[in-house]
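Visitor: Could you look at this predicted model? Sequence included:
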Amino acid sequence: MKTFAALVLMLAQVQAATAQTRLKPKGSSVLSASIVAGVASTAGLGGTRYVSSLSLANPHPFPLTVTAYLLPAGYNNANYGSSARTISLPAGGGVRIEDPLVSLWGTSGLASIYLEASPTSGNDAGFAVESRVLNVANPAATFGLSLPGTYAGVTAADVGVASDIENDAAYRTNFGLFNDWSDATTVTVELLGDDGSVLGSKSYSLPPFSLQQNNVSDVAGAPFRHAVLRVTPAAGYGGQIVGYTAVVDNATGDGAAAMLQIYRVPDAEQSREIPLLVTMSRFQFAPGGPDSPPIRLQVGSTYRITFRSADTEHGISGIPQLGIASRSVLPGADYVVTVAPTAVQRGRYNFACTRVCGNGHGGMHGAIEVD
């Protein structure tokens, strides 16, 4: 069985295109195209093993040929052309390919698949495609979760939103982001509490035409029952991010998947402040520390940080580099400050409680990390 590394080496021997483009360039002769963002043949957590199938349907009264390309996760796939495999669909019929990573490409792991068909006279080349992934290690598993093929993604004018995220003892959530662009890019992923506060934020670098999948604990370490995930592409990004989430039952390995919903950001909202609540209590900043994850800020974003005491008088030592003053914070008297970190302010900034608030006061400290 080939490894992804061997496949990528083979692809690298093909001359790369120099123009920046999506998988389906504007003006292309290809009329119908679709990206299945997440396809698996790999082991998971807790003894699970996830294997995908790929199903296609031809709505036409004549046969159709679809070309599929393999895009391994985490690799530069700018030269994906040599991975082409043809799939023949009978008139009005379809096909299901079991474990396509193995059966079509002789490999395993996690990947995306790009599919396209070119029109002929009287044929718009349209087709339908989706991928179902099943935990084959669970003998009781019957259906699994399904990801549809799509060619709609999150552009620089949009944000991507997933509204049902959970990460606790009962459930875990993974998210996948595919970069449909011939250059590497950076995206910002945020987790927002039900009150709009930022639970965590992190930037991810995506290679050309490549998928990255992570667990949401990489963004916010503390468990939570419900949150919203928000994905923001870099300013000036010319491609689109095709994304999905998968909420998985920790006991059974069963999952439910959803595609990122695309929200076109009005001009009036482009420069808005992101609310971030820091709760101060004996002897914690949440987020911040010492037991909670640090406060994470992204360069280029503007934050409205509210320091709020939940029990008694606390204080925060100043961080003048970020414009945060040394203040006392009483219950009912928040300290609110706007922070807009720049590239030169990347790094870690430590702070501490400046008011004696009990026997554990000396250990009440935290940190802000600017990425």
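Guide: All right, it came through fine.
Visitor: For the rest of this, base every contact and every neighbour count on C-alpha atoms.
Guide: Fine.
Visitor: Please name the residues that touch the spatially closest residue to Ile274 that is not a sequence neighbour.
Guide: Using CA to CA, 6 or more residues apart in numbering and skipping the chain neighbours, the partner closest in space to Ile274 is Tyr303 (4.6 Å). By CA atoms under 8 Å, 6 or more residues apart in numbering, the contact list for Tyr303 reads 273-276, 297, 338-340.
Visitor: Narrow those residues to just the buried residues.
Guide: Among the contacts of Tyr303, those classed as buried by 16 or more other CA atoms under 10 Å are 274-276, 297, 338-340.
Visitor: Can you flag which of those residues belong to strands?
Guide: Counted as lying in strands by DSSP state E, out of those, are 274-276, 297, 338-339.
Visitor: Do you have the helices of this protein handy? List them.
Guide: 4-12, 100-105 (DSSP state H).
Visitor: Just give me the lowest mean pLDDT stretch among those.
Guide: Mean pLDDT is lowest for helix 4-12 among these, at a mean of 45.
Visitor: who does the longest strand along the chain touch, helix- and strand-wise?
Guide: Looking across the chain with DSSP E, the single longest strand is strand 32-43. Secondary-structure packing of strand 32-43 (3 or more CA pairs under 8 Å, 6 or more residues apart in numbering; DSSP states H and E): strand 49-57, helix 100-105, strand 109-117, strand 128-135, strand 145-148, strand 171-180, strand 240-249.
Visitor: Return the member of the buried ones among the contacts of Tyr303 nearest to Val187.
Guide: Nearest to Val187 among the buried ones among the contacts of Tyr303, counting by CA to CA, is Leu297 at 13.4 Å.
Visitor: Which residues are in contact with that closest one?
Guide: Applying CA under 8 Å, 6+ apart, the residues near Leu297 are 201-202, 303, 341, 368-371.
Visitor: try 10 Å this time
Guide: 190, 198, 200-203, 276, 303, 339-341, 346-347, 368-371 (CA atoms under 10 Å, 6 or more residues apart in numbering).
Visitor: do the same with Ile35
Guide: With CA under 10 Å, 6+ apart, Ile35 has these contacts: 23, 68-69, 112-116, 129-130, 148-153, 178, 180, 242.
Visitor: can you rerun that using 6 Å?
Guide: 113-114, 149-151 (CA atoms under 6 Å, 6 or more residues apart in numbering).
Visitor: Compare those residues and tell me which is most surrounded.
Guide: Within these, most neighbours by other CA atoms under 10 Å means Gly149, with 25 neighbours.
Visitor: gap between that one and Ile113?
Guide: As for Gly149, its distance to Ile113 is 9 Å (criterion: CA to CA, to the nearest Å).
Visitor: before we move on, what about Leu297?
Guide: Leu297 is 33 Å from Ile113, by CA to CA.
Visitor: before we move on, the earlier item: so which of the ones in strands among the buried ones among the contacts of Tyr303 comes closest to Ala234?
Guide: Leu297 (14.9 Å).
Visitor: Quick check: the gap between the closest one and Val154.
Guide: 22 Å.
Visitor: possible to save the buried ones among the contacts of Tyr303 as JSON lines with pLDDT and distance to Gly236?
Guide: JSON lines is the format used below for the buried ones among the contacts of Tyr303 (pLDDT from 0 to 100; distance: CA to CA, whole Å):
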{"residue": "Ile274", "pLDDT": "83", "distance to Gly236": "20"}
{"residue": "Pro275", "pLDDT": "84", "distance to Gly236": "24"}
{"residue": "Leu276", "pLDDT": "88", "distance to Gly236": "26"}
{"residue": "Leu297", "pLDDT": "91", "distance to Gly236": "20"}
{"residue": "Thr338", "pLDDT": "88", "distance to Gly236": "25"}
{"residue": "Val339", "pLDDT": "91", "distance to Gly236": "23"}
{"residue": "Ala340", "pLDDT": "89", "distance to Gly236": "19"}
